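K.L.:
how would this look folded up:
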Amino acid sequence: KEFFSEPPSVHTVDSNSSSEDSSTTLLNELTDEVRTVMSGIEKKTTFAEQQETIMTLAPFVTDGTVCLASGSDDATIKLWDLQSNTLIATLEGHSDVVTVLITFDHNGVPYVASGSNDKEIMLWDLKDNAYCTTLTGHSGAVQALCHFVIDGMRYLASGSEDATIVVWNLSNYKPISTLEGHSAGICALTAYDKYDVTCVASGGKDRTIKIWNLNTNKMIISFDGHLDTVNALTTFQTNGLHCLASGSDDQTIKLWNLNTYTMIASLMVGSEVYSLAS
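P.N.:
Coordinates of the predicted model:
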């Protein structure tokens, strides 16, 4: 089936497309939420067995136990039991820095996908702590991953320093499309559904954010507004708005309305933003 009757056109949105009223309301709500969350945070434990710098984290649950996967610049992935605060296993296979991890479930089994500076993506079974397969195709470091489902089929999107996004079919581990449009390395990906359309948002070193229709493999829109690399993306809903948040080396978090494709707020945070969660 086609999600659009005809391929969507490509638009560019700049930082002048903002709504002051929406911005003020959303800023107030987000500030209150952050204060509430931060007031309840306390340090629980420190894991000392990770030998090098931790680059990426991803949570998962196996056999009812809440766990955490960490990727490091020693090219390993370590799995941690968050209830006993112990190291479960070390996964080895990459030959360079592990830059990104994402976890997902399939038929009740947790998996982790790992991207690395070695240009490869590896898939691991977290029930048996076993290697599954390697996906190769990028010519640069893999810096972003996201997982999504269309019509019951599972897919993975990978973003690379080679400025491309490759979409992989996880049923046969084959690439099905390559999305091109960025002019520099891709650092962030997030998938979301909107009106039965599955989309991926991408951000990177060209300072833009691009939205892609994964049915047509066409770019829907490109957002301009950040003044430096876009490192992080996440989607959320508030007051009926479907929104995208983007974090950048320009020390801002920008909020975008995915219904109208306009920027609705810009938060100056005073330091580079490398990660966002919703």
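
K.L.:
could you use CA atoms for every contact and neighbour count after this?
P.N.:
OK.

K.L.:
what ranges of this structure fall below the confidence cut-off?
P.N.:
1-51 (pLDDT under 70).

K.L.:
which residues in it form helices?
P.N.:
20-39 (DSSP state H).

K.L.:
just the strands in the stretch 101-250 of the chain please.
P.N.:
109-116, 120-125, 130-136, 142-150, 153-160, 164-169, 174-180, 186-194, 197-204, 209-213, 218-223, 230-238, 241-248 (DSSP state E, counting those that start in this stretch).

K.L.:
list the contacts for Trp168?
P.N.:
Neighbour list for Trp168: 155-157, 174-177 [criterion: CA atoms under 8 Å, 6 or more residues apart in numbering].

K.L.:
leaving out sequence neighbours, find the closest residue to it.
P.N.:
Pro175 (4.2 Å; CA to CA, 6 or more residues apart in numbering).

K.L.:
how many residues are close by the one you found?
P.N.:
17 (other CA atoms under 10 Å).

K.L.:
for Asp81, same thing?
P.N.:
Asp81: 18 neighbours (other CA under 10 Å).

K.L.:
residue contacts, it?
P.N.:
Asp81 neighbours (CA under 8 Å, 6+ apart): 65-68, 87-88.

K.L.:
in PyMOL, select just the buried ones from the residues you listed.
P.N.:
Only the buried members of the contacts of Asp81 enter the following PyMOL selection, criterion being 16 or more other CA atoms under 10 Å:
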select buried, resi 67+68+87
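
K.L.:
from the contacts of Asp81, pick the one nearest Ile186.
P.N.:
Leu68 (24.8 Å; CA to CA).

K.L.:
with adjacent residues omitted, what lies nearest to the closest one?
P.N.:
Spatial nearest neighbour of Leu68, chain neighbours left out: Pro59 (4.3 Å); criterion: CA to CA, 6+ apart.

K.L.:
can I assume that neighbour is in contact with Ala69?
P.N.:
Yes - here Pro59 reaches Ala69: they are 6.1 Å apart, a contact under CA atoms under 8 Å.

K.L.:
redo the contacts of Asp81 as TSV? Include distance to Leu258.
P.N.:
Formatted as TSV, the contacts of Asp81 follow (distance: CA to CA, whole Å):
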residue	distance to Leu258
Thr65	35
Val66	33
Cys67	33
Leu68	31
Leu87	40
Ile88	40
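
K.L.:
inside strands: which ones of the contacts of Asp81?
P.N.:
65-68, 87-88 (DSSP state E).

K.L.:
what's the closest of those residues to Ala265?
P.N.:
Using CA to CA, the ones in strands among the contacts of Asp81 come closest to Ala265 at Leu68, 32.4 Å.

K.L.:
that closest one against Thr62, yeah?
P.N.:
No - taking contacts as CA under 8 Å, Leu68 lies outside contact range of Thr62: 10.3 Å.
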